Each structure stands twice: as C-alpha cells, then as structure tokens.
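Engineer: sequence first, then the predicted structure:
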Amino acid sequence: MNSPHTDVAPRIIHAADELRRVVTAARRAGKTIGLVPTMGALHEGHLSLVDAARRDNDLTIVSIFVNPTQFGPNEDFANYPRTLESDLDLLAGRGAQLIFAPRTDQMYGPGHATHVEVDGPALRLEGAFRPGHFRGVATIVLKLFNLASPDRAYFGRKDYQQSLVIRRMVADLDLPIHVEICPTVREADGLALSSRNRYLSPEERPRARSISESLRLAARLVEQGTRDAATLIARMSDVLRAADLKLDYVALADPDTLEDVSVVDGPTVALIAARLGKTRLIDNEVIG
Ligand code: PAF
C-alpha cells in the first residue's frame, strides 16, 4: 500500500490527544492504519514488523514506550535500553511515517487505577515466572489500540505467549483489529533477535545460541520419531545446561492453550526461558 522507502524523518508525536487528531484525520481520508507497538531499542525483528505494516496499510504508526506495568519489581525496567535517537534513524530508513513516543505520565496519569485482567494462556510459563507481566502488557496494548485505532497490529512470534494473550484479548473484548504475528528474526547462528541481547557479555553471547540449538534439536528428534515430551524436554535441557544456562522453563505445549502435552502427536510449541548471568532470554518454535 505504501510507496517504497523514502528515508524521510518520521513525524514524532508525544501527546495522546495529538495522536487521536492525526488518526481521526487519517480515518476521515479513508486511510487504513497499521500499528507496531514496541518498547524501543529496535532491531531487525521490529523493523520486519514495520515492513509488514507498511505493506498492508496506508499509515504505519510505531509506538515506543517502555511500559512500567509489565516489569516486576526485580526486573530491568530502570536499565531497559532507551535508544530513541538511533530508533528514529532506523525507522526513517524503513519508511515509518508516525512515531508515538509518550511519556510515562501521559500513559499512566495520576490516579490511574484500571487494568486488563488476563486469564487462560496468560497464567502459565511467563505468567507464572513474571506475575502481573501480561496484565501490564494487555493494559498498555489496549490503551495503544484505543489511541491509534489500528486496522491491523503487528507483533513478533518470538513473544509467542504474548501474541496468544493479545489475540485472546482482541477476541474477548470484541476489538475490531486484526492481529498479525510475524516470524522471529534470528542472527546467523540462530539466536532470536531481542532488545535484551545487548546485555550479553562477549563471553555469554556464544553460549546464548544453545537456546535455538535446543529448539532445533527438539524438532529433529520429533522428525526422527521421538514423541515422548519428557524425553524431549530432558534432551533440550541438556543442551542448555551444557552451555551453563539457568532454566526457568523448557516446555512442550499446545500451541493454542499452552497446556503441557505429554506426547507430541500434532503441532506443538516448544518454549524456553533461560538466564545467562543477568540476562533472561525467551524463544520458541512450533514443532511436530
Ligand atoms: O513486545 C513488546 O515489546 C511489549 O510487550 C509491547 C507489546 C510493546 C507492550 O509494551
């Protein structure tokens, strides 16, 4: 829908009411809107979402907001990389037209007391290790949906559980938004791109590739006939422990409900959360 990359600096909007005005005008002009919600510290994974949004819509809005409510008290909110200048350069190069970068007090004003309570696929895995995380994600994503009023919203498959939670919210709350889940973008050695990869030390970085190796091993073993989930999980965990990663979870789950499977006899999602030093990484792959 969009013209090729123009490398024109995108317009930056900080205030919610200004975003609403622009979105209302775009709607009146019959334009379709694509939203790419991000927390900044952009990499090629985010930029692939921008490409998809530009392809499908007349106006692409990228939000950049490090959302405090999705971080636990001992997590990396204060240190989360904030790289607005380089993010804007990257987005200009990819032809994003509009950046919404609000301040925290604009998204959570004084007395803010309303949150989206999430259940079902939000309760397991990340939900168990990061209590309140998906409540924070769902709350900010709903607020961004309300402000940007997109036809389509774009998320990465790397955050598999997040994409299920958002799809669930959109269905349950009857939001007229199409949720597009785009493929994980990986480094040459298989490591899934993540803003948190920049925390890895030169010594940790090569060990991080064991995460995608472990997922590939699971896929290979299933292809070769191993179906027992406990055996597969043990083999995956061995790969991660050999690289000295600390495991939060290694799971084989139903791709829709995220309930554990005991036998891989159809499409199954393999999910990993592991820590290298202070860095916590997640990844997944649908296998079977
Ligand atoms: O995936 C992310 O970066 C965040 O969870 C999101 C969707 C932008 C909400 O803050």
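Structural biologist: Received, thanks. Keep in mind that this is a model prediction, so the values were computed, not measured.
Engineer: in contact with the closest residue to residue 236 other than its chain neighbours, which residues?
Structural biologist: The shortest distance from residue 236 to any non-neighbouring residue, by CB to CB, 6 or more residues apart in numbering, is to residue 214 (4.3 Å). From N, CA and C alone the C-beta is placed, and that goes for glycine too. Residue 214 sits next to 236-237, 239-240, 250, 272 when contact means CB atoms under 8 Å, 6 or more residues apart in numbering.
Engineer: sort out for me which of the residues you listed are in helices.
Structural biologist: 236-237, 239-240 (DSSP state H).
Engineer: most neighbours of all these, which one?
Structural biologist: residue 236 (25 neighbours; other CB atoms under 10 Å).
Engineer: ok, that residue to the ligand distance?
Structural biologist: Residue 236 sits at a distance of 24 Å from the ligand (criterion: CB to the nearest ligand atom, to the nearest Å).
Engineer: for residue 243, see how far away that residue is.
Structural biologist: Distance of residue 236 to residue 243, given as CB to CB, to the nearest Å: 12 Å.
Engineer: go on, residue 96?
Structural biologist: 36 Å.
Engineer: residue in the stretch 51-200 of the chain nearest to the ligand?
Structural biologist: residue 67 (4.0 Å; CB to the nearest ligand atom).
Engineer: tell me, how many residues neighbour that residue?
Structural biologist: Counted with other CB under 10 Å, the neighbours of residue 67 add up to 21.
Engineer: before we move on, what SS does the residue located most distally from the centre of the chain have?
Structural biologist: Of all residues in the chain, residue 225 has its C-alpha farthest from the mean position, at 31.7 Å, by CA atoms, centre = their mean. Here residue 225 is coil, with the state taken from DSSP: H, G, I helix; E, B strand; the rest coil.
Engineer: pLDDT wise, what is it at?
Structural biologist: Looking at residue 225, its pLDDT stands at 98.
Engineer: same check, this time on the one 10 residues further on
Structural biologist: We have a pLDDT of 99 for residue 235.
Engineer: that one contacts residue 219, doesn't it?
Structural biologist: No - the pair residue 235 / residue 219 is not scored as a contact, 11.6 Å apart, by CB atoms under 8 Å.
Engineer: could you pick out the residues of the stretch 151-288 of the chain near the ligand for me?
Structural biologist: Proximity of the stretch 151-288 of the chain to the ligand is confined to 159, 162 under the rule CB under 6 Å from any ligand atom.
Engineer: outline the domain layout of the protein.
Structural biologist: When the chain is parsed with automatic domain parsing, its domains come out as 11-182, 195-282.
Engineer: can you check the distance spanned by the first one, start to finish?
Structural biologist: Think domain 11-182. 25 Å (CA to CA, to the nearest Å).
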